[in-house]
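give me a model of this one.
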Amino acid sequence: MPSPTLSTDIITLQNRIGGQLVASSGTEYTAVNNPSHGMQIARTPHSTASDVDQAVAAAKEAFASWKATPVLKRASIMFRYRELLEQHFDELAALVTRENGKTIPESQGDVRRGIEVVELASGIASQLKGGRLPNIAGSIDGESSREPIGVCAGITPFNFPAMVPMWMFPLAIACGNTFVLKPSEKTPLTAMRLAELATEAGLPGGVLNVVNGAQEAVERLCTHPDIAAVSFVGSTKVAEIVYRTASHAGKRVQSAGGAKNAMVVMPDADLDSTVRAIIGAAYGCAGQRCMAGSTVLAVGPIVDELVARLKDAIGEITLLPTDEHPDAGMGAVIDASARERLLKTIDHIEADGLTLVADGRKGLPEAGYFVGPTLVDGVTVDKDVAQTELFGPVLTLGRVHSLPEAIDWANSTGYGNGAVIFTKDGGTARYFKQHVQCGMIGVNVGVPAAMAAFSFSGWNRSFFGDLHVQGEEGVYFYTRQQVSFTRWDDEYVRTQGW
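The predicted structure follows:
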């Protein structure tokens, strides 16, 4: 397959099944646009249930031999895959920027975080080691092992075209499973290239398959009788539907949803580093990430200086086409509907009487799907914007009197991905960690997203399931424990006088 490079050709995507490109039987398509310019660069077919069946059949056929492949050989393929990803690092980052709109540094981070999971998968031998207890009873030895579970599926979002797929399939296949990936129909090019490079690394046909599509493909993956596990990342609404549907069909499910992450600024915070962290957390990736800093909760008298500094920092953010300007400060949102939704949200904020310290409707480039960085002051906990995930570059600010008030606000949303506190006091940080209800906490860290060795630990309405993606829990999710007991008669040994 020719690599989907930065040409101006409109590519019609195919599926990758059994190591080969296969045309979809679907007759409907989603346009893949370059968000910086609003121009179509590809189209994604809406694959049918029969296309999914074909991919699952290929994965099922490949499972027996892949499961039997020695673990060190599977690991060696992961090592080669990692090297290929490094060799094509700039190409992959440029591809992410082209189809997603991120800045080049953000796209590089997207790819880098994915490679870190491949590195984790390269050490799979040590993670799959079981346990043994000899002579657990008379002449009986007990041992346990972790075994692959079969065909696994991954359904991934548009906002991290490289990282989120690599949260899933490298660990799954390193554990001995086979995989069917359904990337976002809005950003499929990166996933197709990742699968192509995996084949080049030596992954046998059928071990990693890619089916492009939309709702029909997702529904079939969630209910297919030959799929053992489903991994999903997306909105909370869809995450809950995927969890209920796939678990009802008897599958393991890890289903990550949205968030409303709070950033608490204490009176003793270092404002220079705090402002840099808040700007990166709120406006990085144009706010389109489930770990975005969404609400600043300023405690006490620090608030006015904080607002002034945030306003100045926002004024320095440049909106430029990210594929042409490596120094762009922020990219566009994913498509025209996201842009329209966010601009209407800002309209409603203004109509609600809140203060727009920075107005993202002003000074926008003529082309592309841009929304400017927005800062809203005077927000109270009962406002819709304080409770709703906006998924864009809109940061709300609440003025609170104490840390317990800030924690109550953060916990009120019902989400539970991340929360951050900026302080110089260890006791304050400890109190925060004890009482805030979320799975990932930052202390003087703007985006506390878990790196590969740790699991991405959303709580509450941010996650549905038991075992999270990547890290130790990721290995547990893609394996099941087998325990065996063996009795050997010692009579022969006794007759020998040993």
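
residues in contact with the residue most central in space within the chain?
Using CA atoms, centre = their mean, the residue of the chain that lies closest to the mean C-alpha position is V164, 3.9 Å off. Under the criterion of CB atoms under 8 Å, 6 or more residues apart in numbering, the contact partners of V164 comprise G114, T156, P157, V233. Placement of C-beta: from N, CA and C, glycine included.

looks to me like it is in a strand.
No. Remark: V164 does not belong to a strand; assigned using DSSP: H, G, I helix; E, B strand; the rest coil, it is helix.

what pLDDT is listed against it?
Predicted confidence (pLDDT) for V164: 98.

next: I278.
Turning to I278, the model gives it a pLDDT of 98.

touching, it and V296? I think so.
Yes. I278 is within contact range of V296, at 6.2 Å (criterion: CB atoms under 8 Å).

more crowded one of these two?
Using other CB atoms under 10 Å as the criterion, I278 and V296 rank with V296 on top: 29 against 25.

ok, that one - contacts?
Neighbours of V296 in contact, by CB under 8 Å, 6+ apart: A262, M263, V265, I278, A282, L306, L310, L395, T396, L397, G398.

can we see that at 7 Å?
Under the criterion of CB atoms under 7 Å, 6 or more residues apart in numbering, the neighbours of V296 are M263, V265, I278, L395, L397.

quick check: the two most widely separated of these?
Distances among the contacts of V296 were taken as CB to CB; the most separated pair is V265 and L395, at 12.3 Å.

which of those two has more neighbours?
More neighbours surround L395 than the other of V265 and L395, with 29 against 26 (other CB under 10 Å).

helix or strand for that one, which one?
Secondary structure here is read from DSSP states H and E; on that basis L395 sits in strand 394-400.

buried ones in the next helix or strand after that strand?
Elements were assigned by DSSP H and E; along the chain past strand 394-400, the next helix or strand is helix 403-412. Of the residues in helix 403-412, L403, E405, A406, I407, W409, A410, N411 count as buried by neighbour count, 16 or more other CB atoms under 10 Å.

what about the fifth one, distance to M263?
Just to be clear, that refers to W409. Note on W409: its distance to M263, by CB to CB, to the nearest Å, is 11 Å.

and what of the first one?
Using CB to CB, we find L403 at a distance of 13 Å from M263.

I136 in helix, strand or coil?
strand.

I'd say it and V483 touch.
No. Taking CB atoms under 7 Å as the contact criterion, I136 and V483 are not neighbours in contact, 10.6 Å apart.

common neighbours of those two, please.
Shared contacts of I136 and V483, defined by CB under 7 Å, 6+ apart, comprise G142.

residues contacting T413?
Under the criterion of CB under 7 Å, 6+ apart, the contact partners of T413 comprise K260, Q387.

can you name the residues that contact K383?
Contact analysis of K383 by CB under 7 Å, 6+ apart lists D352.

what about A68, neighbour count?
Based on other CB under 10 Å, the number of other residues close to A68 is 8.

ignore the last one, R276
Residues within reach of R276, counting by other CB under 10 Å, total 14.

so it is in which element?
In this structure, R276 sits in helix 271-283 according to DSSP H and E.

outside of that helix, which residues touch it?
Residues contacting helix 271-283 (CB under 7 Å, 6+ apart): 263, 265, 292-293, 296, 305-306, 309-310, 313, 317, 330, 373, 393, 395, 422, 444, 446-447.

how about that helix: buried residues?
Buried residues in helix 271-283, defined by neighbour count with 16+ other CB under 10 Å: L271, T274, V275, A277, I278, I279, G280, A281, A282, Y283.

returning to that earlier point: now do the shared contacts for W409 and M263.
Shared between the contact lists of W409 and M263 (criterion: CB under 7 Å, 6+ apart) are residues L297.

can I get the strand holding L395 as PDB, trimmed to CA atoms?
In PDB, the C-alpha atoms belonging to strand 394-400 read as follows (Å, rounded to 0.1, in the frame of the first residue of the first chain):
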ATOM      1  CA  VAL A 394     -12.800  26.800  26.500                       C
ATOM      2  CA  LEU A 395     -11.400  27.200  30.100                       C
ATOM      3  CA  THR A 396     -13.800  28.100  32.900                       C
ATOM      4  CA  LEU A 397     -12.700  29.800  36.100                       C
ATOM      5  CA  GLY A 398     -14.400  29.600  39.500                       C
ATOM      6  CA  ARG A 399     -13.500  31.600  42.600                       C
ATOM      7  CA  VAL A 400     -13.600  29.600  45.700                       C
END
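
sheet partners, orientation included, of it?
strand 293-299 (parallel), strand 374-379 (parallel) (DSSP bridges).

immediately after the last one, which helix or strand?
The helix or strand immediately downstream of strand 374-379 is helix 384-387, counting by DSSP H and E.

what is that next one packed up against?
Contact here means 3 or more CB pairs under 7 Å, 6 or more residues apart in numbering; DSSP states H and E; on that basis helix 384-387 packs against strand 374-379, strand 394-400.

list the contacts of it.
Contacts to helix 384-387, defined as CB under 7 Å, 6+ apart, come from residues K260, T295, I349, V376, V379, T380, T396, G398, T413.

kindly recompute the last result at 10 Å.
By CB atoms under 10 Å, 6 or more residues apart in numbering, the residues outside helix 384-387 that reach it are 260, 262, 294-295, 297, 345-346, 348-349, 352, 354, 376, 379-381, 390, 394, 396, 398, 409, 412-415.

please pull out the lowest mean pLDDT helix or strand from the protein.
Taking all helices and strands of the chain together, the one with the lowest average confidence (mean pLDDT, DSSP states H and E) is helix 491-495, at a mean of 77.

now R252: closest residue in space, sequence neighbours ignored.
Spatial nearest neighbour of R252, excluding adjacent residues (CB to CB, 6 or more residues apart in numbering): A229 at 4.0 Å.

where do the strands sit along the stretch 151-300 of the chain?
The residue ranges that make up the strands of the stretch 151-300 of the chain, judged by DSSP state E, counting those that start in this stretch, are 151-155, 178-182, 208-210, 227-233, 252-256, 261-265, 293-299.

can you tell me the strand partners of the second one and which way each runs?
Strand 178-182 sits in its sheet next to strand 151-155 (parallel), strand 208-210 (parallel), going by DSSP bridges.

residue ranges with poor pLDDT in the protein?
By pLDDT under 70, the weakly predicted segments of the chain are 1-8.

domain parsing for this structure?
Domain segmentation of the chain under automatic domain parsing yields 11-258+458-483, 261-443.

may I see these arranged in a markdown table, with distance to A452 as well?
Conversion of the domains of the chain to a markdown table gives the following (distance: least, CB to CB, whole Å):
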| stretch | distance to A452 |
| --- | --- |
| domain 11-258+458-483 | 4 |
| domain 261-443 | 14 |
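
so which of the ones you listed is nearest T495?
For the domains of the chain, the distance to T495 is smallest for domain 11-258+458-483, at 15.0 Å, taking CB to CB.

now do the same end-to-end measure for the closest one.
The first and final residues of domain 11-258+458-483 sit 50 Å from each other (CA to CA, to the nearest Å).

now swap in stretch 449-460 and tell me
16 Å.

distance between it and the chain's centre?
Here the centre of mass of C-alpha atoms in stretch 449-460, compared against the chain's by CA atoms, centre = their mean, to the nearest Å, lies 10 Å away.
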